[in-house]
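# sequence below, structure please.
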Amino acid sequence: MSALDVLSIRNDFPVLAQQIRGKPLIYLDNAASSQKPNSVIDAISNNYRFDYANIHRGVHTLSQRSTDCFEGAREKVRAFLNAESIKEIIFVRGATEGINLIAQSYGRSTIGQDDEIIITMMEHHANIVPWQILCQQTGARLRVVPMTERGELILDDYKSLFNSKTRLVSIAHMSNALGTVNPVAEMIKTAHRYNIPVVLDGAQSAPHMTTDVRALDCDFYVFSGHKLYGPAGIGVLYGKQALLEAMPPYQGGGDMIRKVSFQETEYNDLPYKFEAGTPAIADVIGLGAAIDYVTGIGLDNIAAYEDSLLCYATEQVNQIAGLRVIGEAAHKGAILSFVLDGIHPHDIGTLLDSVGIAIRAGHHCAMPVMDFYQVPATARASFAMYNTEQEVDILVSTLKELIKVFR
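Numbers count the residues shown, from 1 in each chain. Now for the predicted structure:
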């Protein structure tokens, strides 16, 4: 293990101190949503207790305080992603809304009949359905990059998909169902040789690894606050400024305008052109606090610790007869999906919950992945910086006891 002070970190998360059904909570559902440290909870609470008011338009003190904190969080996001300008940071409800915004703003204005959009077989539904909707609207079609049994994309097939009709690539940085970390830097370079922009779904990668959008040279990047130890209902769309400037607004309303008459509307500058209406003010501030928290620990430190934990967990579960790990890519994030012979994943999840262990069981909003492996669902244990080897040991011993019960 790396030298992370896990005990201190665990003490920052009040939810971890409780018991579930008389057993200490072991929370292994972090790929779905992570828990929140006191600093994030306090930042949200303090805004509502002392500073809350609507932002940007008020001249009174509370409005100015909230505005300063809100825009301060935008700068924290910019630094977190190493974006060039705060104009490139758009607050949305989450990664899902970010992808929908790109599809309906950039996509509707640039993609037409018979054009092609490249995605991959391992995408979350949020990076499939918005493009299917766009294809239905425009007459475009999806092209899908296949993957191997190990859960790795076949890059030669990816390269072969490019042609004169290709207009966009949209890929997961890290798979939520398999843990695979895709070689996105190489994939972006390939797309850019054809002058094709690339969208990165960073919902899973943002909490677990350093992301430099300028080094990657991605054209768009989205992530969600709730997976990054921040609040739910808030997320970020990063886009290169030139692309965002050329895109029409996604929604109309207050704050995204400069001047309105019944004859015409003049839109506001970036980033406000894409932020119609009163935003989730306290949640943006909470996201800023979450970024402060993880950067204080160090994403490289977090990544090293979680990689060690995943290696340990993988080694342990591979000793269980009848257990099959789904997704064995050489480069993985802290996700362990598996199936057990003769036991449905939902039964695994229910029985683990009876002893205080929280995992996710289901298709993980990645039905094409389940179809590829010919399983209805998987059990998924996903790790965070506050998880421990001891918790892995309890998970493994409980799975062994579970097998005895069913057999």
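# quick check: mean pLDDT across the strand or helix carrying Cys311?
Assigned by DSSP states H and E, Cys311 falls within helix 299-317. Across helix 299-317, pLDDT averages out at 97.
# tell me which residues touch Val198, please.
With contacts defined as CB atoms under 8 Å, 6 or more residues apart in numbering, Val198 is in contact with 168-171, 184, 187-188, 191-192, 218-220. Every C-beta, even on glycine, is put in place using the N, C-alpha and C of the backbone.
# redo that, cut-off 7 Å
Residues in contact with Val198, defined by CB atoms under 7 Å, 6 or more residues apart in numbering, are 169, 188, 191, 218-219.
# and what of Thr398?
Remark: with contacts taken as CB under 7 Å, 6+ apart, Thr398 is in contact with 352, 355, 357.
# same question, Gly98
Gly98 touches 92, 222, 235-237, counting by CB under 7 Å, 6+ apart.
# ok, 8 Å please
So, once contact is read as CB under 8 Å, 6+ apart, Gly98 ends up touching 90, 92, 220, 222-223, 235-237.
# go on, Ser105?
For Ser105, the contacting residues are 247-250, 274, taking CB under 8 Å, 6+ apart as the criterion.
# export those to a markdown table and tack on neighbour count?
Supplementary listing: the contacts of Ser105 in a markdown table, determined by neighbours: other CB atoms under 10 Å:
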| residue | neighbour count |
| --- | --- |
| Met247 | 21 |
| Pro248 | 12 |
| Pro249 | 18 |
| Tyr250 | 23 |
| Phe274 | 23 |
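# inside strands: which ones of the residues you listed?
When those are checked against strands using DSSP state E, none is located there.
# which of those sit farthest apart?
Checking those against each other with CB to CB, the farthest-apart pair comes out as Pro248 and Phe274, at 9.7 Å.
# list the buried residues of stretch 247-263.
Buried positions in stretch 247-263, judged by neighbour count with 16 or more other CB atoms under 10 Å: 247, 249-250, 255-257.
# can you check stretch 375-389 too?
Quick answer for stretch 375-389 (16+ other CB under 10 Å): 377-388.
# repeat for stretch 121-140
Within stretch 121-140, the residues that count as buried by 16+ other CB under 10 Å are 121-132, 134-135, 138, 140.
# for it, what is the average pLDDT?
98.
# same question for stretch 344-361.
96.
# got phi/psi on Tyr27?
According to degrees, to the nearest 10, the main-chain angles of Tyr27 amount to phi -100, psi 110.
# so it touches Ala358, yeah?
Yes: Tyr27 is in contact with Ala358 according to CB atoms under 8 Å; the separation is 5.0 Å.
# which of these two has more neighbours?
Per other CB atoms under 10 Å, whichever of Tyr27 and Ala358 has more neighbours is Tyr27, with 23 against 16.
# how does the chain divide into domains?
Taking automatic domain parsing as the domain assignment, the record places the domains of the chain at 6-28+299-406, 41-296.
# got these as JSON lines, with distance to Ser34 columns?
Supplementary listing: the domains of the chain in JSON lines, determined by distance: least, CB to CB, whole Å:
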{"stretch": "domain 6-28+299-406", "distance to Ser34": "6"}
{"stretch": "domain 41-296", "distance to Ser34": "5"}
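# closest one to Gln35 among those?
Judging the domains of the chain by CB to CB, what sits closest to Gln35 is domain 6-28+299-406, at 4.9 Å.
# coming back round to it: so which of the contacts of Val198 is the closest to Ser397?
Among the contacts of Val198, Cys218 lies closest to Ser397 (CB to CB), at 42.1 Å.
# tell me the secondary structure at the closest one.
In terms of secondary structure, Cys218 is coil; the call rests on DSSP: H, G, I helix; E, B strand; the rest coil.
# that one touches Asp201, doesn't it?
No: under the contact definition of CB under 8 Å, Cys218 does not touch Asp201, with a separation of 10.4 Å.
# which one of those two is surrounded by more residues?
Asp201 (31 against 28).
# so where does Ser337 fall, helix or strand?
In this structure, Ser337 is located in strand 335-340 according to DSSP H and E.
# now Leu62: which helix or strand?
helix 61-81.
# tilt between that helix and helix 299-317?
Note on geometry: by axes from the mean of the first three to the mean of the last three CA atoms, to 10 degrees, helix 61-81 and helix 299-317 are set 60 degrees apart in direction.
# which of the residues in helix 61-81 are buried?
Using 16+ other CB under 10 Å as the test for burial, helix 61-81 gives 63, 65-67, 69-71, 73-74, 76-78, 80-81.
# if we look at that helix, which residues are touching it?
47, 51-58, 83, 85-86, 88-89, 91, 211-213, 221, 236, 238, 271, 279, 281, 284-285, 287-288, 291-292, 295.
# and those, which of them are in strands?
Judged by DSSP E, strands contain the following of these: 89, 91, 221, 236, 238.
# quick one, which of these are buried?
89, 91, 221, 236, 238.
# show me which of these is closest to Gly151.
Tyr221 (22.2 Å).
# low-confidence stretches in the protein?
Low-confidence segments of the chain, defined by pLDDT under 70: 1-3.
# one step back: pull the most distant pair out of the buried ones among the ones in strands among the contacts of helix 61-81.
Considering CB to CB, no two members of these lie farther apart than Phe91 and Tyr221, which are separated by 13.8 Å.
# nearest residue to Ile188 in space, ignoring adjacent ones along the chain?
Counting by CB to CB, 6 or more residues apart in numbering, Ile188 lies nearest to Val198, which is 4.9 Å off, once chain neighbours are set aside.
# show the contacting residues for Tyr386.
Listed by CB under 8 Å, 6+ apart, the contact set of Tyr386 reads 6, 9-10, 13, 16, 27, 35.
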